[in-house]
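Chemist: The sequence and its predicted three-dimensional model are supplied below.
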Amino acid sequence: MRVRRFEWEGATATAAAIRNWTVESAPEVDVSAIEREVRAGGDGALLRLTARFDATESTPTSLRVEPGEVEAALEGLDPGLRESLELAVVNVRAVAEAQVDSVPRTVELAQGQGVTVREVPVAAAGLYAPGGRAAYPSSVLMGAVPARVAGVERLALASPPAPDGKINPLVLAAAALCGVDEVYAMGGAQAVFALAYGTESVAPVEVIAGPGNSWVREAKRAVSGTVGIDSLAGPSELMAIPGSHDGDAEWAALDFCAQAEHGAEGSLVAVSTEQAVLDGVAAAIEQVAADRPGVGDAPLATVQVPDLDDAIDFANAFAPEHLELLDENAALLVDRVTTAGCVFVGRYGATAFGDYVAGSNHVLPTGGAGRFSGPLGPHIFRRKISTVKVPAEAAAKLAPHVDTIARAEGFPVHGESAMIRTEP
């Protein structure tokens, strides 16, 4: 792991310096050629792209995974793993259900009109789960469970196949467990474009959600506006404020190394008021990483701050995907945190719990997007509709004001359409 110490320059400046350092090696990604190929070539293009990028040992002949194969994967699942996945589903569903507002809100206004705002689910959602050489069943349930709670009728899952052209059975089992309707062996930017625009065998959706690599992120950016998206989630991030108890350095080191398993592009930041604590964490990381080859070469920034208030200000400026308040005094300041994707409070609050079974969603804003977005949840799959009821007496009171504003804007016919409602 690459460790670099950053001098404290204030919350905003230090956050910007670390962001710039961690993105220096990020590759440039252009998905426009893939978009044109999928839109012009449909299924044929998807099959060619899948063979080129994923199913490198065979040439796929179809995109859709047969329902029987999906159900068989669930039946063949290890009982212990199935129990753990079912626990995750129960907890994620409970948190998701608490977020759904199914009761229409009506406001009766002084002039006599009423405005009702209600929520309805989108008809179809596309879910993306990373895959290929690894399997992420947890990402399937993090997308599928909130979508079902939201009331979405049709769920389509896309996940890149392994070189043999098959989706990992763990991903298929998770899809069956969550009641996903359609599973497609396709990944990358081409999968996002297929879900957004549709092909001969892939019907388009209204919302696309789920984590992915930089190609998936840029494809979601390209289709945003054509369909809804959850967020532009990028490489995993963790900021931690470790405590000074015996063993805290090792716990924090394992937390950082766990996030580094996602790849070397993420942002890892250790913050403390004591340089000795930071040095201890860095030393523990060196020991932990030495025996765990999957940790890779992720960048870790260490920052000594003047006090814990500054640490929280720094966290709000950085807006990390995950924030661990392991220091017991920092945990007391949790209500001051306003931008993190998910906050874990106390020594026992490892991010890994949220990644799998705590009930929170692990699809979170990265790259500072926590300043304006939050975790994946049912709201991503629901939209609001306003209904306006204007009785005659309200129209008589409101029309002159409509006419005045409309004529000031240069739209006199708007005024006429309101004023005609006042004539006997």
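Modeler: All right, it came through fine.

Chemist: hey, let's count contacts and neighbours off CA atoms from now on
Modeler: Will do.

Chemist: ok, which stretches of the stretch 101-250 of the chain are strands?
Modeler: Here the stretch 101-250 of the chain has its strands, by DSSP state E, counting those that start in this stretch, at 105-108, 114-121, 124-128, 154-159, 182-185, 207-209, 228-229, 237-241.

Chemist: Any chance of a markdown table for those, columns distance to residue 319 and mean pLDDT?
Modeler: Shown next, in a markdown table, are these (distance: least, Cα to Cα, whole Å; pLDDT from 0 to 100):
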| stretch | distance to residue 319 | mean pLDDT |
| --- | --- | --- |
| strand 105-108 | 32 | 93 |
| strand 114-121 | 29 | 93 |
| strand 124-128 | 24 | 98 |
| strand 154-159 | 29 | 98 |
| strand 182-185 | 34 | 97 |
| strand 207-209 | 21 | 98 |
| strand 228-229 | 20 | 96 |
| strand 237-241 | 9 | 96 |
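
Chemist: now for those, which one comes closest to residue 135?
Modeler: For residue 135, the closest of those is strand 154-159, at 9.4 Å, according to Cα to Cα.

Chemist: export the closest one as CSV, just CAs?
Modeler: Output of strand 154-159 as CSV, limited to C-alpha atoms (Å, rounded to 0.1, in the frame of the first residue of the first chain):
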residue,chain,number,x,y,z
ARG,A,154,-39.8,-5.8,-13.9
LEU,A,155,-36.2,-6.2,-12.7
ALA,A,156,-33.4,-6.9,-15.3
LEU,A,157,-29.9,-7.8,-14.1
ALA,A,158,-26.8,-7.5,-16.2
SER,A,159,-23.5,-8.9,-15.0
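
Chemist: quick one, it and strand 124-128 angle?
Modeler: If you take axes from the mean of the first three to the mean of the last three Cα atoms, to 10 degrees, strand 154-159 sits at 20 degrees to strand 124-128.

Chemist: Report all helices and strands that strand 154-159 contacts.
Modeler: Applying 3 or more Cα pairs under 8 Å, 6 or more residues apart in numbering; DSSP states H and E, one finds that strand 154-159 contacts strand 124-128, helix 137-150, strand 182-185.

Chemist: Which among these is found nearest to residue 85?
Modeler: Nearest to residue 85, of all the helices and strands packed on strand 154-159, is helix 137-150, at 7.6 Å by Cα to Cα.

Chemist: List the residues that contact residue 230.
Modeler: By Cα atoms under 8 Å, 6 or more residues apart in numbering, the contact set of residue 230 is 207, 208, 209, 210, 376, 380.

Chemist: Kindly indicate which of those residues lies nearest residue 245.
Modeler: Out of those, the member with the shortest distance to residue 245 (by Cα to Cα) is residue 376, at 33.8 Å.

Chemist: and of the strands of the stretch 101-250 of the chain, who's closest to residue 394?
Modeler: strand 114-121 (9.4 Å).

Chemist: between that closest one and helix 137-150, how big is the angle?
Modeler: Using the same axes, to 10 degrees, strand 114-121 lies at 140 degrees relative to helix 137-150.

Chemist: Strand 114-121 pairs with which strands, parallel or anti?
Modeler: Using DSSP bridges, the strands paired with strand 114-121 are strand 105-108 (antiparallel), strand 382-389 (antiparallel).

Chemist: could I get these as a markdown table with mean neighbour count and distance to residue 412?
Modeler: Formatted as a markdown table, these follow (neighbours: other Cα atoms under 10 Å; distance: least, Cα to Cα, whole Å):
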| stretch | mean neighbour count | distance to residue 412 |
| --- | --- | --- |
| strand 105-108 | 12 | 28 |
| strand 382-389 | 13 | 22 |
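
Chemist: Tabulate those strands (a markdown table), appending distance to residue 128.
Modeler: What follows is the strands paired with strand 114-121, written out as a markdown table (distance: least, Cα to Cα, whole Å):
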| stretch | distance to residue 128 |
| --- | --- |
| strand 105-108 | 33 |
| strand 382-389 | 18 |
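
Chemist: The ones you listed: which one's closest to residue 8?
Modeler: Across those, closest to residue 8 is strand 382-389 (Cα to Cα), at 42.3 Å.

Chemist: Which of the helices and strands packed on strand 154-159 sits closest to residue 352?
Modeler: Nearest to residue 352, of all the helices and strands packed on strand 154-159, is helix 137-150, at 11.6 Å by Cα to Cα.

Chemist: Now that closest one - C-alpha only, CSV.
Modeler: As requested, the backbone C-alpha atoms of helix 137-150 are provided in CSV (Å, rounded to 0.1, in the frame of the first residue of the first chain):
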residue,chain,number,x,y,z
PRO,A,137,-23.9,-11.6,-5.0
SER,A,138,-24.1,-8.8,-2.4
SER,A,139,-24.4,-6.2,-5.1
VAL,A,140,-27.3,-8.0,-6.6
LEU,A,141,-29.3,-7.9,-3.4
MET,A,142,-28.3,-4.3,-2.7
GLY,A,143,-30.0,-3.3,-5.9
ALA,A,144,-32.8,-5.8,-6.2
VAL,A,145,-34.2,-5.6,-2.7
PRO,A,146,-34.8,-1.8,-2.6
ALA,A,147,-36.2,-2.0,-6.2
ARG,A,148,-38.7,-4.6,-5.1
VAL,A,149,-39.6,-2.6,-2.0
ALA,A,150,-40.2,0.4,-4.2
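
Chemist: residues in contact with that helix?
Modeler: 85, 89, 92-93, 96-97, 100, 121, 125, 127-130, 155, 157, 170-175, 178-180, 209-211, 355-356, 361-363, 376-379, 381-382.

Chemist: for the record, mean pLDDT for it?
Modeler: Mean pLDDT, helix 137-150: 96.

Chemist: And stretch 252-268, by the same measure?
Modeler: The average pLDDT within stretch 252-268 is 89.

Chemist: so how far is it from its chain's centroid?
Modeler: 18 Å (Cα atoms, centre = their mean, to the nearest Å).

Chemist: which parts of it are buried?
Modeler: For stretch 252-268, the neighbour count (16 or more other Cα atoms under 10 Å) marks 252-262, 264-268 as buried.

Chemist: related to what we said a few turns ago, farthest-separated two in the contacts of residue 230?
Modeler: 207 and 376 (12.0 Å).

Chemist: List the contacts of the spatially most central residue of the chain.
Modeler: The residue lying closest to the centre of the chain (Cα atoms, centre = their mean) is residue 363, at 3.3 Å. Residues counted as contacts of residue 363 (Cα under 8 Å, 6+ apart) are 139, 142, 210, 211, 233, 375, 376.

Chemist: got a winner among those residues for most neighbours?
Modeler: The residue in the contacts of residue 363 with the most neighbours, by other Cα atoms under 10 Å, is residue 142 (30 neighbours).
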